[in-house]
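> Starting from these lines, generate the structure:
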Amino acid sequence: MVLALDTKWIWDSWYVRDGDHYHGYFLQADRSLGDPDLRHFNVSQGHAVSTDLVNWTHLGTCLRPAPGPAWDDMTTWTGSVVQGDDGVWHLFYTGSRQSEQGMYQRIGHATSSDMHNWVRVGDQPCLDLTGPAAKFYEAEHMVGHWHDRAMRDPWVMRDPAGDGWLMYFTARVPGVEEPNAGGAVGFAKSPDLMTWTLQPPVFSGGFGQLEVPQVFRVEDKWYCLFCTDSSHWSEAYKAVNPQSPVAGNHYLIADDPRGPWQIAPGPFLDGAKPCRRYAARIVETDDGLRILGFADGGKDNFGGYVMDPEPVVVGQDGLLSVIPTVQAAE
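Reported below is the predicted structural model:
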């Protein structure tokens, strides 16, 4: 069984565990649109629960774009969920507005006591590419260089070195001539989940986009999972990875969550052409690590559901490997 809906496409997803239950959140759009490329600007967020990451109970839509005019009146895209010290749940998500045709992305914040009914915190984003550190980012839309102004896919976690919180997000750095060499993992800090301060990126290069970053630790190593397309490999990365470019999921590796980060050496972790699985997450379970992501297949064969989890193992060299299993049909 897969995480699927008969009438909707599902793509990017994120997970949080509460007791015996995993809560899965995901982007969804009506299949009646016909063209899967139209899903991005006809999006809402769905919610489902599971005890095993395989059998899911759908709870319905939990967030959708705000009534306009608003900073997030066009899209509510990918995010992450954490629980604060007071027991309140916090959703951080990507938003864009109609008046900008969705070309500028910003990060929003909502809270919930039941993990389903979310209330926005204020009427403005919690983080934008502004302030002193904005100079380290491509803060304006470089028309003709890239298709949007990137600031999306926030991943929030506790700061292991203190009492605060860290946020990672998809971004780009300025002044890079090759579009595929400017992708970045952005960074911000907060003492309380409410007030965020933009910091310089923790990594840039290698790819035109490092989408849906997820930072986690296994023993003494830190990993930053990300996804990217085969068309977004930089010339520098092609030079060190001789395999034919693929689309899917790879990762950075570091000794500290603040870096320095490097692209994991060796083969691309979880890729294919056309793309098999995209926007993956690695979830820690009682039985080890599991990877989940949506079935892609390209526009003509777009899956639009989250594939069943597959095991991920860490080798003695600290590198990750996916153990493929046979996937059930939708």
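> Do a quick rundown of the helices in the stretch 201-330 of the chain.
For the stretch 201-330 of the chain, the helices defined by DSSP state H, counting those that start in this stretch cover 235-240.
> residue ranges with poor pLDDT in it?
By pLDDT under 70, the low-scoring segments of the stretch 201-330 of the chain are 326-330.
> Break down it into its strands, ranges please.
Assigned by DSSP state E, counting those that start in this stretch, the strands in the stretch 201-330 of the chain fall at 211-218, 221-228, 247-254, 262-263, 270-272, 277-285, 288-295, 310-314, 320-322.
> residues in contact with the residue positioned nearest the centre of the chain?
Residue closest to the average C-alpha location in the chain (C-alpha atoms, centre = their mean): residue 212, at 2.2 Å. Residues counted as contacts of residue 212 (C-beta atoms under 8 Å, 6 or more residues apart in numbering) are 12, 78, 153, 155, 170, 225-227, 279-281. In this view, the C-beta of every residue, glycine as well, is placed from N, C-alpha and C.
> let's go with 7 Å and repeat that
Taking C-beta atoms under 7 Å, 6 or more residues apart in numbering, we find residue 212 in contact with 12, 78, 153, 170, 226-227, 279.
> Hmm, residue 201 and residue 258 touching each other?
No: if you go by C-beta atoms under 7 Å, residue 258 and residue 201 don't touch, sitting 11.1 Å apart.
> So between the two, which is more surrounded?
More neighbours surround residue 201 than the other of residue 258 and residue 201, with 23 against 16 (other C-beta atoms under 10 Å).
> who's in contact with the more buried one?
136-137, 171, 173, 184-187.
> So what's the residue count around residue 225?
When neighbours are defined as other C-beta under 10 Å, residue 225 has 26 of them.
> correct me, but it touches residue 249?
Yes: assessed by C-beta under 7 Å, residue 225 is found in contact with residue 249 at 6.2 Å.
> Now do the shared contacts for these two.
residue 280.
> and whichever strand or helix holds residue 48, what other elements does it pack with?
Per DSSP states H and E, residue 48 falls inside strand 44-50. Helices and strands touching strand 44-50, by 3 or more C-beta pairs under 7 Å, 6 or more residues apart in numbering; DSSP states H and E, are strand 21-30, strand 57-63.
> Great, nothing more from me.
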